[in-house]
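Novice: Provide a 3D model corresponding to the input given below.
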Amino acid sequence: MDEKRLAALERETKTHAIKFLKEADGEPRPLFFLSVSSVGTASTYKLFLRLHETRTSKIVSRRFNHNRKPVNWGSWRQFAASTDDSAARKELFDDFVSKSSVLGPIIKERFETYARVLRDHGTDPLSAYLEHERIGYDRLVSMVRRLGDGVRGPFQEALGVYSDEILGRPAEYYDDYYFFRNRIFRKYVERPPTRTSPVAKVLATLKRMGLDATKVKVDLKDRPGKSASAFCAPIRVPSDVRISYRKSNPLEDFSSVFHEFGHGIHFSSVDEGANFSDRYWIANGVTETFSIFFEGLIHDRRYLREELGFVDAVADDVVKRFRFNILFFAAFYAANSTLKLRYWHDRIPFEELDGLYSDLTELFMGIRYPGAYWKLHHVMPEYFLYSPSYLVAAVRALELRNALVARFGERYWTDRDAGKALNELMRRGQSLDLSFSMLDEASYAKSLSGD
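Specialist: Numbers count the residues shown, from 1 in each chain. Model (predicted):
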């Protein structure tokens with residue numbers, strides 16, 4: 001990492017943003033918020049780097065190894081997915097949660113610095129986020145709560161079934177979302193239902209729909225220090241978009257690849273003539289809509305049978321397991337989202353967040369997590385407000401799918417007109433037409449409760 005080069009780029013970005021803020025008098029609004037955010041991000045980038053460096057150097061096990069190297073923050077999900085020793089996983093989990101105390105002061109300082117910068121320009125992180133996402137606070141809180149309430153029962157029922165199958169006991173706090181997301185498909189690791197490359201398949205599907213993903217570059221090498229989570233980086237929209245992921249198991253790899261290519265095709269489809277804010281200031285609730293939508297292909301029985309050649313029984317089983325993952329995601333992010341929304345809205349002291357997080361995981365998931373766990377997450381400490389966007393996008397992705405099915409049929413991924421409809425949405429960037437979505441969280445929760 002060339003920290004000097006990063007510092008120079010951050011200073012340049014900050015200089016340009018401040019100049020705009022001084023001269024533009026708050027208009028146009030998208031550029032105002034983009035500029036304020038740029039100043040806030042530039043003002044906290046050293047803390048962001050320190051967070052990453054501290055996690056890499058301090059969140060490391062002295063006892064357990066993965067691939068002949070000490071387990072660290074970047075590899076502990078892979079370690080958890082590969083071992084049958086629950087006691088070892090618990091020991092590692094508790095060890096990392098304990099060590100997360102070194103992250104707290106960095107995260108707190110970064111959050112507070114960002115908030116101070118935004119206050120200096122007449123706004124705050126929550127207000128900026130809500131305007132960007134085009135949603136009111138009360139509506140968002142209500143949506144998160146109702147969605148969490150709606151999935152709680154089905155999630156706990158499914159958790160009981162798969163905990164008994166995988167662990168032979170009820171789930172504990174250290175059997176987290178990422179453990180189950182990988183282990184749920186372990187039965188297919190040795191004999192995968194398909195040998196098809198997920199990258200090759202998603203490219204073929206996009207091409208069939210008339211969507212051009214040739215601008216998207218993929219990094220799939222497994223190397224020390226690489227993020228445990230797949231991600232997409234829109235370097236220059238729409239001409240330079242990059243995806244990074246680490247392999248874990250075949251079916252979860254399909255989910256990760258299709259999800260990130262949803263981001264990739266979205267960013268690379270934005271009209272190159274669109275204004276700057278429409279290309280670079282796209283709300284997370286918009287970007288995640290397309291990633292979750294394309295990931296949804298891997299959760300579709302027809303797609304699994306017809307495109308990947310799964311036999312009926314395997315397709316049905318895989319879909320049920322994916323549904324469990326989605327239920328876990330929804331319950332987990334109901335807790336995550338509520339923590340962040342209440343932190344910014346109610347001005348909860350940073351030191352009280354751990355206790356609140358334990359309460360929220362117990363409320364939405366039925367399992368009381370150690371409160372400090374949120375600091376070990378990737379999204380929660382790295383982003384000021386992102387988690388609610390996942391739930392907004394999940395609901396919209398289902399509504400987008402339903403709209404395409406109504407127009408083009410159940411096999412919409414074979415129809416170039418469906419691709420044209422998607423391209424028309426994606427090409428507009430932040431200014432896309434959201435009329436396809438009523439943000440109906442009740443229907444989304446209901447879709448996860450049965451076959």
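
Novice: OK, contacts around residue 70?
Specialist: Counting by C-beta atoms under 8 Å, 6 or more residues apart in numbering, residue 70 makes contact with 60, 61, 62, 64. For glycine as for every other residue, the C-beta is placed from the backbone atoms N, C-alpha and C.

Novice: Would you agree the last one falls within a strand?
Specialist: Yes: read with DSSP: H, G, I helix; E, B strand; the rest coil, residue 64 is one of the residues of a strand.

Novice: Now, of the contacts of residue 70, which are buried?
Specialist: Neighbour-count burial (16 or more other C-beta atoms under 10 Å) is assigned, among these, to 60, 61, 64.

Novice: Of those, which is the nearest to residue 41?
Specialist: Taking C-beta to C-beta as the measure, residue 41 lies nearest residue 60 of the buried ones among the contacts of residue 70, at 27.6 Å.

Novice: quick one on the thing from earlier: any idea which of the buried ones among the contacts of residue 70 is closest to residue 130?
Specialist: Lowest distance from residue 130 to the buried ones among the contacts of residue 70 (C-beta to C-beta) belongs to residue 60, with 38.0 Å.

Novice: what sits against that closest one?
Specialist: Residue 60 touches 70, 71, 72, 73, counting by C-beta under 8 Å, 6+ apart.

Novice: mind checking how far it is from residue 360?
Specialist: Distance, residue 60 to residue 360, using C-beta to C-beta, to the nearest Å: 28 Å.

Novice: And for residue 153?
Specialist: Distance, residue 153 to residue 360, by C-beta to C-beta: 17 Å.

Novice: Those two: which has the busier surroundings?
Specialist: residue 360 (23 against 13; other C-beta atoms under 10 Å).

Novice: Beyond the helix or strand where that one lies, next helix or strand please.
Specialist: Using DSSP states H and E, residue 360 maps to helix 353-365. Under the assignment DSSP H and E, the closest C-terminal helix or strand after helix 353-365 is helix 379-382.

Novice: Now for the nearest residue to residue 318 once chain neighbours are set aside: which residues touch it?
Specialist: Spatial nearest neighbour of residue 318, excluding adjacent residues (C-beta to C-beta, 6 or more residues apart in numbering): residue 304 at 6.1 Å. Listed by C-beta under 8 Å, 6+ apart, the contact set of residue 304 reads 193, 298, 310, 314, 315, 318, 319.

Novice: Wait, residue 45 touches residue 8, no?
Specialist: No: at 11.3 Å, residue 45 does not count as touching residue 8 under the criterion of C-beta atoms under 8 Å.

Novice: Who has more neighbours out of the two?
Specialist: Each of residue 45 and residue 8 has its neighbours counted (other C-beta under 10 Å); residue 45 has more, 19 against 11.

Novice: right, and the secondary structure at the more buried one would be what?
Specialist: Strictly by three-state DSSP, residue 45 counts as helix.

Novice: measure it to residue 284 for me?
Specialist: Distance from residue 45 to residue 284, by C-beta to C-beta: 19 Å.

Novice: So which elements touch the helix or strand in which residue 35 is found?
Specialist: Per DSSP H and E, residue 35 falls inside helix 29-58. In terms of contacts (3 or more C-beta pairs under 8 Å, 6 or more residues apart in numbering; DSSP states H and E), helix 29-58 is packed against helix 3-24, helix 104-120, helix 125-133, helix 276-280, helix 379-382.

Novice: again, 6 Å this time
Specialist: Contact partners of helix 29-58 among helices and strands, from 3 or more C-beta pairs under 6 Å, 6 or more residues apart in numbering; DSSP states H and E: helix 3-24, helix 104-120, helix 276-280.

Novice: how about the second one as PDB, C-alpha atoms only?
Specialist: Put plainly, it is helix 104-120. In PDB, the C-alpha atoms belonging to helix 104-120 read as follows (Å, rounded to 0.1, in the frame of the first residue of the first chain):
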ATOM      1  CA  GLY A 104     -12.900   0.800  19.600                       C
ATOM      2  CA  PRO A 105     -10.900   4.100  20.100                       C
ATOM      3  CA  ILE A 106     -10.100   4.200  16.400                       C
ATOM      4  CA  ILE A 107     -13.600   3.600  15.300                       C
ATOM      5  CA  LYS A 108     -15.000   6.100  17.800                       C
ATOM      6  CA  GLU A 109     -12.500   8.800  16.700                       C
ATOM      7  CA  ARG A 110     -13.300   8.200  13.000                       C
ATOM      8  CA  PHE A 111     -17.100   8.300  13.500                       C
ATOM      9  CA  GLU A 112     -16.900  11.500  15.600                       C
ATOM     10  CA  THR A 113     -14.500  13.200  13.200                       C
ATOM     11  CA  TYR A 114     -16.700  12.500  10.300                       C
ATOM     12  CA  ALA A 115     -19.800  13.800  12.200                       C
ATOM     13  CA  ARG A 116     -17.900  17.000  13.100                       C
ATOM     14  CA  VAL A 117     -16.900  17.700   9.500                       C
ATOM     15  CA  LEU A 118     -20.500  17.300   8.400                       C
ATOM     16  CA  ARG A 119     -21.800  19.500  11.200                       C
ATOM     17  CA  ASP A 120     -19.400  22.200  10.100                       C
END
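
Novice: Of all the helices and strands packed on helix 29-58, which one comes closest to residue 382?
Specialist: Of all the helices and strands packed on helix 29-58, the one in closest proximity to residue 382, counting by C-beta to C-beta, is helix 104-120 (8.9 Å).

Novice: Tell me how many other residues crowd residue 144.
Specialist: Using other C-beta under 10 Å, residue 144 is surrounded by 24 other residues.

Novice: Excluding covalently adjacent residues, which one is nearest to residue 371?
Specialist: residue 354 is the one closest to residue 371 (C-beta to C-beta, 6+ apart), at 2.9 Å.

Novice: Could you do residue 49 as well?
Specialist: residue 3 (6.6 Å).

Novice: With residue 237 instead?
Specialist: Closest residue to residue 237 apart from its sequence neighbours, by C-beta to C-beta, 6+ apart: residue 279 at 4.3 Å.

Novice: so what's the one you found up against?
Specialist: The contact partners of residue 279, taken as C-beta atoms under 6 Å, 6 or more residues apart in numbering, are 237, 270, 429.
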